[in-house]
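Chemist: can't give you the sequence, but here's the structure:
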């Protein structure tokens, strides 16, 4: 019993809340969650980011509370956390593509197609994407425009220029 009396188990509430932190939390939580949602597109992720932001604010409340605008500091932290999360997801996605890419066999191409697709890969990326979506995926111009996030007229121009560039590379003539 003597041990318990001299070394009580600390409770969560044993650490007093920093002065003003509760008010800060109440005032900023909803706005930060809304900002997090806009940045990530997920309410759950937004709430996680806000909780991490609020935890950091609590840990550094002595310093944060002295700022003219502690809410601005919290928004900055939230934006940085969202950016870091985006970078991490991008890195993970690239790693997964590399891992999957090593296991996937290349599609077989007919002899005459090989030269065509090699020439296509030499085109500017946007032209190559447009031609591949149109001829390989057999997508209509409107759907390609949606996928590439550009106007249909741009897709048509990319198709036209891409066909001309391919023809020039392959020594063919294209009728307009």
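Modeler: Nice, I can see it. Please read these numbers as outputs of a predicted model, since none were measured by experiment.

Chemist: average pLDDT for stretch 167-174?
Modeler: Mean pLDDT, stretch 167-174: 81.

Chemist: and stretch 29-38, by the same measure?
Modeler: Mean predicted lDDT for stretch 29-38 stands at 89.

Chemist: what do you get for stretch 85-99?
Modeler: pLDDT averaged over stretch 85-99 gives 81.

Chemist: now name the helix or strand holding residue 87.
Modeler: helix 70-103 (DSSP states H and E).

Chemist: could you do residue 132 as well?
Modeler: Per DSSP H and E: helix 125-135 holds residue 132.

Chemist: check residue 31 too.
Modeler: Per DSSP H and E: helix 21-40 holds residue 31.

Chemist: so which elements touch that helix?
Modeler: helix 43-59, helix 70-103 (3 or more Cβ pairs under 8 Å, 6 or more residues apart in numbering; DSSP states H and E). Glycine gets a C-beta too; all of them are placed from N, C-alpha and C.

Chemist: can we see that at 10 Å?
Modeler: helix 43-59, helix 61-64, helix 70-103 (3 or more Cβ pairs under 10 Å, 6 or more residues apart in numbering; DSSP states H and E).

Chemist: re earlier: tell me the buried residues in the next helix-or-strand element following the helix holding residue 87?
Modeler: With elements assigned by DSSP H and E, the helix or strand that comes after helix 70-103 is helix 111-121. Counting neighbours by 16 or more other Cβ atoms under 10 Å, one finds that the buried residues in helix 111-121 are 116, 119-120.

Chemist: then stretch 143-163?
Modeler: 144-145, 154-155, 158-159, 161-163.

Chemist: can you spell out the domain ranges of the protein, please?
Modeler: 17-103, 111-170 (automatic domain parsing).

Chemist: tell me the gap between the longest one and the middle of its chain.
Modeler: Spelled out, that is domain 17-103. Relative to its parent chain, domain 17-103 has a centroid offset of 15 Å by Cα atoms, centre = their mean, to the nearest Å.

Chemist: do the same with stretch 161-168
Modeler: In terms of Cα atoms, centre = their mean, the centre of stretch 161-168 is found 33 Å from the chain centre.

Chemist: cool, and stretch 158-165?
Modeler: Worked out by Cα atoms, centre = their mean, stretch 158-165 lies 31 Å from the chain centre.

Chemist: hang on, the earlier thing: which two among the buried residues of stretch 143-163 are spaced furthest apart?
Modeler: Checked with Cβ to Cβ, the buried residues of stretch 143-163 reach their widest spread between 145 and 163, with 17.2 Å between them.

Chemist: what about the residue nearest to residue 127 when sequence neighbours are not counted, which SS state?
Modeler: Leaving aside its chain neighbours, residue 127 sits nearest to residue 162 (3.7 Å; criterion: Cβ to Cβ, 6 or more residues apart in numbering). Under DSSP: H, G, I helix; E, B strand; the rest coil, the three-state class of residue 162 is helix.
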